[in-house]
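Asker: I would like the atomic coordinates for the input below:
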Amino acid sequence: MVSHPSRRTVRGAFVATAAVVAAAMPTTQATAQPSTADALAKYNELSEKASQLNQDHLKAQGDLAAKQGELDKAKADLANAQKAEESLRGQVDLLTEATYGGARFNQISALLVSDSQQDFLNRMSAINILAADNAEALQKLTDAVNTADAATKTANEATEASKKLLAEIEKKKADLQKQLDEARAQYNSLSAATKTALKNTGDMSSILVPPGTAGKALDFALQQRGKPYVYGSNGPNTWDCSSLIQAAYRYAGVSIGRTSYAQAAAGRSVSRSEVKAGDIIVYYSSQSHVAMAVDNVRAVHASTEGVPVKIADINSIGPISVIRRIEG
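Answerer: Numbers count the residues shown, from 1 in each chain. The predicted structure is shown next:
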C-alpha cells in the first residue's frame with residue numbers, strides 16, 4: 001500500500017527530524033526551525049496526496065484485472081453458445097428437410113398407409129416421438145440463440161467497461177506522476193540534515209513476536225525494516241505501505257487485498273485499546289495508508305519515499321480510520 005510521510009508516519013519522523021535539525025543550528029535556531037517544520041509539513045501533505053493517488057491507481061488496476069476475467073468468461077460463454085446453436089440448427093434442419101421431403105408425420109398419413117391396427121399404433125408412436133424430438137430440438141435451438149445473444153451483450157459490455165478502466169488507469173497514472181514529481185521536488189528542497197533524519201531506520205533491535213498467524217506476519221514485516229519505500233512496489237527489496245502488509249500476511253498463509261482500501265475491510269474490526277501485534281491499522285479518512293501493530297504502542301510501516309520501512313508510534317503515524325484483526 002502506499003505509505004506517506006504526510007502521515008504521522010512522517011509526522012512522527014518530522015517531529016523527530018525537526019528536533020534533530022533544530023539542535024544542529026546554534027545561532028539561527030529561532031528562524032530555521034519554523035522553516036524546517038514548514039518544509040516537512042509541505043512534504044508530508046504532498047506525500048499523502050501521492051499515496052492516495054497510488055492506492056487509486058492500484059485499485060483501478062485490480063478492477064481492470066477483474067473485468068478482464070469477466071470478459072474472458074463472456075467470450076468463452078459466447079463461443080460455447082454459438083457452437084451449441086450451430087449443432088442444434090443442424091438437427092432442426094434435418095427434421096425440417098425430412099418433413100418437406102415427403103415424410104408427412106400426421107395421423108391421417110399413418111392411417112392410410114397402415115395395413116393393421118398394430119401397424120397404425122406403431123406408426124403413431126413413431127410420429128409422436130419424432131414430433132417430440134422436433135419440438136425439443138426447436139426449444140433447445142431457441143435457448144441456444146438466446147444464450148448466445150446474452151453472451152454477446154455481456155462480452156460487449158465487458159469490453160466497453162475494460163476500455164473505460166484503461167482510460168481511467170492512464171489518467172490516474174498521469175495524476176500520480178504529477179503528484180510524485182511535486183513531492184520529490186519538495187523532498188529535494190529539504191536540508192541535508194532533514195533528509196538524513198528522515199532516512200534513519202529507527203529501532204532495528206530484535207523483537208519477540210507472538211505465535212500464530214499474526215506473529216508470523218509481523219515477523220515478516222519487521223524483517224523488512226530499513227528497506228526503501230517506492231510507490232506501487234510489490235517487494236521484495238522495496239515496498240509501498242499496502243504491499244508490505246499484503247506480503248506479510250501472504251507469508252503467514254493468509255490472502256488479503258493489495259490496496260489499503262481492501263485491507264480496511266479485511267478481518268474484523270477492533271478498537272484502539274484492543275490493538276495487539278499483527279493488527280492492521282489504516283490511517284486517514286481516505287484510508288490511503290496502512291501499518292501493522294508491533295504491540296499496543298508501536299507499528300511498523302512503509303512510510304513514504306525518502307523514509308525506509310521502520311517502527312513508529314501508532315498514534316504519530318496519522319489519524320486512525322479503522323483497525324482490523326486478521327486472526328482471532
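Asker: what comes up buried for stretch 281-293?
Answerer: Neighbour-count burial for stretch 281-293, counted by 16 or more other Cβ atoms under 10 Å, picks out 281-284, 286-293. The C-beta positions use only the backbone N, C-alpha and C, and glycine is treated the same way.
Asker: I'd guessed Ala151 sits against Ala74; true?
Answerer: Yes - taking Cβ atoms under 8 Å as the definition, Ala151 is a contact partner of Ala74 at 5.9 Å.
Asker: the stretch 51-200 of the chain: helices as residue ranges?
Answerer: 107-113, 117-188, 192-199 (DSSP state H, counting those that start in this stretch).
Asker: do you know how far the residue lying closest to Asp77 once chain neighbours are set aside is from Tyr284?
Answerer: Nearest residue to Asp77, sequence neighbours excluded (Cβ to Cβ, 6 or more residues apart in numbering): Ala151, at 4.3 Å. Distance from Ala151 to Tyr284, counting by Cβ to Cβ, to the nearest Å: 43 Å.
Asker: quick revisit: and which of the buried residues of stretch 281-293 is nearest to Val322?
Answerer: Using Cβ to Cβ, Val282 is the member of the buried residues of stretch 281-293 that sits closest to Val322, with 4.9 Å.
Asker: follow-up on the earlier one: and the residue nearest to Asp77, how many neighbours?
Answerer: Neighbour count of Ala151, defined by other Cβ atoms under 10 Å: 20.
Asker: which residues in the chain form strands?
Answerer: Along the chain, counting by DSSP state E, strands occupy 268-269, 280-283, 289-293, 298-301, 310-313, 320-325.
Asker: would a markdown table of those strands with distance to Ala252 be doable?
Answerer: Compiled in a markdown table, the strands of the chain are given as follows (distance: least, Cβ to Cβ, whole Å):
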| stretch | distance to Ala252 |
| --- | --- |
| strand 268-269 | 16 |
| strand 280-283 | 12 |
| strand 289-293 | 11 |
| strand 298-301 | 14 |
| strand 310-313 | 19 |
| strand 320-325 | 13 |
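Asker: tell me which of those strands sits nearest to Gln61.
Answerer: Proximity to Gln61 (Cβ to Cβ) singles out strand 289-293 among these, at 17.5 Å.
Asker: centre of the chain to the closest one, how far?
Answerer: 17 Å (Cα atoms, centre = their mean, to the nearest Å).
Asker: and Ser286, how far from Glu48?
Answerer: 8 Å.
Asker: what's the answer for Ala151, then?
Answerer: Going from Ala151 to Glu48 by Cβ to Cβ gives 45 Å.
Asker: burial of Asp149, as a residue count?
Answerer: 13.
Asker: show me the domain layout of this protein.
Answerer: 37-189, 202-325 (the TED database).
Asker: got those as a markdown table, with distance to Thr196 and mean pLDDT columns?
Answerer: Output for the domains of the chain, formatted as a markdown table (distance: least, Cβ to Cβ, whole Å; pLDDT from 0 to 100):
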| stretch | distance to Thr196 | mean pLDDT |
| --- | --- | --- |
| domain 37-189 | 13 | 72 |
| domain 202-325 | 11 | 97 |
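Asker: tell me which of these sits most buried.
Answerer: domain 202-325 (a mean of 20; mean count of other Cβ atoms under 10 Å).
Asker: between the two ends of that one, how far is it?
Answerer: One end of domain 202-325 to the other measures 25 Å (Cα to Cα, to the nearest Å).
Asker: can you pull up the most central residue in the protein?
Answerer: Centrality entry for the chain: nearest residue to the mean C-alpha point is Gly62, 4.2 Å, by Cα atoms, centre = their mean.
Asker: quick check: that one touching Arg258?
Answerer: Yes - between Gly62 and Arg258 there is a contact under Cβ under 8 Å: 6.1 Å.
Asker: contacting residues for Leu64?
Answerer: By Cβ atoms under 8 Å, 6 or more residues apart in numbering, Leu64 lies in contact with 162, 165-166, 169.
Asker: now, among those, which is nearest to Ser316?
Answerer: Distance ranking of the contacts of Leu64 against Ser316, using Cβ to Cβ, places Ile169 first at 33.5 Å.
Asker: what's the closest non-adjacent residue to that closest one?
Answerer: Nearest non-adjacent residue to Ile169 (Cβ to Cβ, 6+ apart): Ala60, at 4.7 Å.
Asker: ok, now how distant is that neighbour from Gln68?
Answerer: 13 Å.
Asker: ok, Ile245 next?
Answerer: Taking Cβ to Cβ, one finds Ile245 at 25 Å from Gln68.
Asker: same check on Ala312?
Answerer: Distance from Ala312 to Gln68, by Cβ to Cβ: 38 Å.
Asker: I'd say Phe175 and Leu53 touch.
Answerer: In this structure residue 175 is Asp, not Phe. Yes - between Asp175 and Leu53 there is a contact at 5.5 Å, judged by Cβ under 8 Å.
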